[in-house]
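Engineer: Have a look at this prediction, sequence included:
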Amino acid sequence: MINATIFCDTTSENSEGLVIGFKVKNHGDTHVCAAVSMLTINTVNSIEKLTTLKDFDVKWDESGGYLEFKLHDSSFRNTGAGLLLDALVLGLTDVAQEYPQELELKRM
């Protein structure tokens, strides 16, 4: 099963907090794993290429099965990164609803 954690800034006015990052680990069904990998890698690549943001942390395992991304400050969401992270959550939520035995999604 794939475990995905969405990191939120709970000091924001939004009741669930603003999304400031994510962590995805483990492997699952080939199709679900491919979908999750595509969503997460595309999000990181898009933030790197389409925004001016450079102040974030990215960690990954070269052999796969682990990717973590986190903004250093929730104000960096204003660079366009926030929209991209929100789009990632939307995609992961859809996958988790369709394949609940393959993807566990939680907020932190």
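Structural biologist: Nice, I can see it.
Engineer: Need the three-state assignment for Ile6.
Structural biologist: strand (DSSP: H, G, I helix; E, B strand; the rest coil).
Engineer: measure it to Thr30 for me?
Structural biologist: 23 Å (C-beta to C-beta, to the nearest Å). No exception for glycine: its C-beta is placed from N, CA and C like everyone else's.
Engineer: got it, and His72?
Structural biologist: Distance from His72 to Thr30, by C-beta to C-beta: 34 Å.
Engineer: And Ile6 and Thr30? Which one has more around it.
Structural biologist: Set Ile6 next to Thr30 and count neighbours by other C-beta atoms under 10 Å: Ile6 wins out with 21 against 8.
Engineer: Spit out the contact partners of that one.
Structural biologist: 19, 21-22, 89, 92, 105-108 (C-beta atoms under 8 Å, 6 or more residues apart in numbering).
Engineer: mind showing which ranges of this protein have poor pLDDT?
Structural biologist: The model of the chain has pLDDT under 70 over residues 12-16.
Engineer: Find the centremost residue of it, please.
Structural biologist: Nearest to the mean C-alpha position of the chain, by C-alpha atoms, centre = their mean, lies Phe22 at 3.8 Å.
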